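# Dropping a prediction and its sequence here:
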Amino acid sequence: MSDASYRDAIFTTPLDRVANFSFDEQVVACFPDMIRRSVPGYGQILGMLGLIAERHLRFGAHVYDLGCSLGAVSLALAGRLPPEAFTLTGVDLSPAMVARARETLGEECPDHRIDIIEGDIRHVDYRPAGMIVLNFTLQFLPPEDRRAVIEHLYNALEPGGVLVLSEKIVLPDEQENAWLVERYHDFKRANGYSDMEISQKRTALENVLVPDTLNAHHDRLRTAGFTRVSTWFQYLNFASMVAFKDA
């Protein structure tokens, strides 16, 4: 990143009251470390996005990265594709994320046509796109809004376009889900988080991040019109799906 990023220490101090999680300047400062230590397989997902774009993105088509945070998707695509291969709009609701993403992308890939805007993905006036990426974004929207968003994105995709949807998931079986959550907490402990940090972060995310089952995601995508839907990646309770619009 263009500026120094710091180790995630947000929840290292005991708090009398844990506020709802938000993507503020404190989170932005440590976000690369936070997501590396908190999201299993994040690097592998990013690495595949450029390969998916090479295979399926029409040359010169537009791409949306929704919930773009610090611009990691843009960097992944710019690392695989030349500047003339695509244009990209990244959208994020956090002013701090938008400011840092613009700075980073301006330094790292100045020749690529990438525009980062501050906005709510529910209210964007989308142009036709060949590829749309939602990396751990839909889960932060109210559940009742998710179907309309997916339908809107389906309509924005060109024929033959591809949607990549990565999400934290929940299993329908309570016992199986509890086992997976515990292994996820083991993953975080192995990456240096204490039990207190894990507990306070979980409280902060409660009712902010509401995960769906994989079946719910697949049903929503198919209801929107996608006929080819598959889960191409899963690591613990994190998964990535790909959905194609018929050509």
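Cool, the structure landed.

# So what's the residue count around R113?
13 (other C-beta atoms under 10 Å). C-beta: built from backbone N, CA, C; applies to glycine.

# Measure how far the helix-or-strand element of the chain with minimal mean pLDDT is from the centre of its chain, please.
Ranked by mean pLDDT, DSSP states H and E, the weakest helix or strand in the chain is helix 195-205, scoring a mean of 75. Centroid displacement of helix 195-205 relative to its chain, using C-alpha atoms, centre = their mean, to the nearest Å, is 20 Å.

# Check which helices and strands it is in contact with.
Helix 195-205 sits against helix 174-190, with contacts defined as 3 or more C-beta pairs under 8 Å, 6 or more residues apart in numbering; DSSP states H and E.

# Now G161: phi and psi?
Note on G161: its backbone torsions stand at phi -70, psi 160 [degrees, to the nearest 10].

# and the gap between it and N155?
11 Å (C-beta to C-beta, to the nearest Å).

# Among these two, which residue is more densely surrounded?
Neighbour totals were compared for G161 and N155, and G161 leads with 26 against 12 (other C-beta under 10 Å).

# Grab the nearest non-local neighbour of the residue sitting nearest the centre point of the chain.
The residue lying closest to the centre of the chain (C-alpha atoms, centre = their mean) is N135, at 1.7 Å. Spatial nearest neighbour of N135, chain neighbours left out: S166 (4.6 Å); criterion: C-beta to C-beta, 6 or more residues apart in numbering.

# Now do the contacts for that neighbour.
Neighbouring residues of S166 by C-beta atoms under 8 Å, 6 or more residues apart in numbering: I45, L134, N135, F136, F233, F238, A239, S240, M241.

# now do I132
Neighbour list for I132: V63, Y64, L66, L153, A156, L157, G161, V162, L163, V164 [criterion: C-beta under 8 Å, 6+ apart].

# Go again with 7 Å.
When contacts are counted by C-beta atoms under 7 Å, 6 or more residues apart in numbering, I132 is found next to Y64, L66, L153, A156, L157, L163.

# In a strand, the first one, correct?
Yes: the assignment for Y64 by DSSP: H, G, I helix; E, B strand; the rest coil puts it in a strand.

# Sketch out the strands for this protein, chain order is fine.
Here the chain has its strands, by DSSP state E, at 61-66, 86-92, 113-118, 129-135, 157-168, 228-235, 238-244.

# any idea of the angle the fifth one forms with strand 238-244?
Angle of strand 157-168 versus strand 238-244, following axes from the mean of the first three to the mean of the last three C-alpha atoms, to 10 degrees, is 170 degrees.
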